[in-house]
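Visitor: Using only what follows, build the 3D model:
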Amino acid sequence: MLFPDNFSTFNIQTSGAKIHGVHAGKGRPLLLLHGYPQTHAIWHQVAPLLAQHFHVICPDLRGYGDSEIPLSTPDHYPYSKRAMAQDMAEVMEQLGHDKFFVAGHDRGARVTHRLALDYPDKILKACVMDIAPTRYMFNSTDQNFATGYYHWFFLIQPDGLPERMIGADPTYYLMEKLKRWAAPGMIFNPKALEQYIRCFSRPESIHASCEDYRAAATIDLHHDSDDENDKMQAPLLVLWGKKGFVHRTYNVIDIWSTYASSVEGKVLECGHFLPEELPKDVANELLAFFRRV
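Guide: All right, here's what the predicted structure looks like:
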């Protein structure tokens, strides 16, 4: 097993999807959200350290891992960050938590951003890892961004094009993504890789992940525009990798300071996959931030 024996599995039915995950620990609740093309397994080294101090909840986002894969719609709303955030708010409520901390990586960080905007009374503090805000990234698109984040424009193509191309060899595609985004020499836990490959290789999972990105390029931008003048009120911690695209491209703290009222952050000596490349560092940063009154 990836997680220690004290972690229990849950399957919680929300109003939109059945959400699978694991949880453990006692204390104040801390929700950990994974990104693309992974599952909650990304937290397998971080969560046990945090569970000594918090009730740690690690779900699979809808469409990912072993969570339900809802049918999509022409406007892609079922894979909007708003729909994903609602799942997470309902999961936490069913676990008995009206207010909680949240940390998200990659796509999970975008869900974290939406959670903080849609449920400001629930989010005590938040952390986003290795992203800039979606709207900012699209609005500042140039050749450098389109080259480094080509998948944003590939995955949104219609008529099943990316699904067919990825589906021809999903293991190759996933492993290539992990290799390109991680720091050179990074070795992923083989058991985590098995889970990523198993879950991502299903045609319906590939389609759901494409719908996630299609939503980001359409309905998510409408939601973000509607909230253009609203800042995240919860204190925000931003972490990112020094060897990754975000660090090379953006002034991360300055950008997030226009989207959140209280921002602090730190660059770590790794690539994109902070929780797996530097799990102890990530755990220490989260502990210091979330335990501070």
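Visitor: Centre of the chain to stretch 141-148, how far?
Guide: Here the centre of stretch 141-148 is set off from its chain's centre by 21 Å, with Cα atoms, centre = their mean, to the nearest Å.
Visitor: pLDDT (mean, whole number) over that stretch?
Guide: Per-residue pLDDT over stretch 141-148 has a mean of 95.
Visitor: Distance-wise, check the most centrally placed residue in the chain relative to residue 140.
Guide: With distances taken as Cα atoms, centre = their mean, residue 108 lies nearest the centre of the chain, 1.5 Å away. Between residue 108 and residue 140 the distance, using Cβ to Cβ, to the nearest Å, works out to 22 Å. In this view, the C-beta of every residue, glycine as well, is placed from N, C-alpha and C.
Visitor: One more: residue 272?
Guide: Residue 272 sits 19 Å away from residue 140, taking Cβ to Cβ as the criterion.
Visitor: Just want to know which of these two has more residues nearby.
Guide: Neighbours per residue, other Cβ atoms under 10 Å: of residue 272 and residue 140, the larger number sits with residue 272, 26 against 13.
Visitor: contacting residues for the more buried one?
Guide: 106, 130, 181-182, 241, 244-246 (Cβ atoms under 8 Å, 6 or more residues apart in numbering).
Visitor: cool, and residue 34?
Guide: Under the criterion of Cβ under 8 Å, 6+ apart, the contact partners of residue 34 comprise 40-43, 58, 60-61, 64-65, 104-108.
Visitor: if we can go back for a sec, I'd guessed the residue nearest to the centre of the chain sits against residue 31; true?
Guide: No: assessed by Cβ atoms under 8 Å, residue 108 is found out of contact with residue 31, at 9.3 Å.
Visitor: for the record, mean pLDDT for stretch 208-219?
Guide: Confidence over stretch 208-219, taken as the mean pLDDT, stands at 98.
Visitor: Residue 184 and residue 270: what is the separation?
Guide: When Cβ to Cβ is applied, the distance between residue 184 and residue 270 equals 11 Å.
Visitor: Now for those two: what residues contact both?
Guide: Contact criterion Cβ under 8 Å, 6+ apart; residues shared by residue 184 and residue 270: residue 243.
Visitor: Pull the number of nearby residues for residue 185.
Guide: Using other Cβ under 10 Å as the criterion, residue 185 is surrounded by 7 other residues.
Visitor: ok, now residue 82?
Guide: The burial metric for residue 82, expressed as a neighbour count using other Cβ under 10 Å, is 18.
Visitor: Contacts for the host helix or strand of it, please.
Guide: Under the assignment given by DSSP states H and E, the secondary-structure element containing residue 82 is helix 81-94. Helix 81-94 is touched from outside by 12, 14-17, 19, 21, 29, 31, 33, 57, 59, 61-62, 77, 98, 100, 102, 110-111, 113-115, 118-119, 122, 134, 215-216, 219-220, 223, with contacts defined as Cβ under 8 Å, 6+ apart.
Visitor: tell me the mean pLDDT over that helix?
Guide: So the average pLDDT for helix 81-94 ends up being 98.
Visitor: Use 29 as the first number for this chain going forward.
Guide: Sure thing, new numbering starts at 29, so read that last one as helix 109-122.
Visitor: Now do the buried residues in that helix.
Guide: When burial is assessed from 16 or more other Cβ atoms under 10 Å, helix 109-122 yields the following buried residues: 109-120.
Visitor: for the helix or strand immediately after it in the chain, the distance to its chain's centre please.
Guide: Downstream of helix 109-122, the first helix or strand assigned by DSSP H and E is strand 128-133. In this view, strand 128-133 has its centroid 9 Å away from the chain centroid, taken as Cα atoms, centre = their mean.
Visitor: Enumerate the positions of stretch 308-321 that are buried.
Guide: Buried residues in stretch 308-321, counting neighbours by 16+ other Cβ under 10 Å, are found at 309-311, 313-315, 317-318.
Visitor: ok, the nearest residue to residue 30 once chain neighbours are set aside - how many residues close by?
Guide: Closest residue to residue 30 apart from its sequence neighbours, by Cβ to Cβ, 6 or more residues apart in numbering: residue 72 at 4.1 Å. Residue 72 is flanked by 23 other residues according to other Cβ under 10 Å.
Visitor: Thanks a lot, see you next time.
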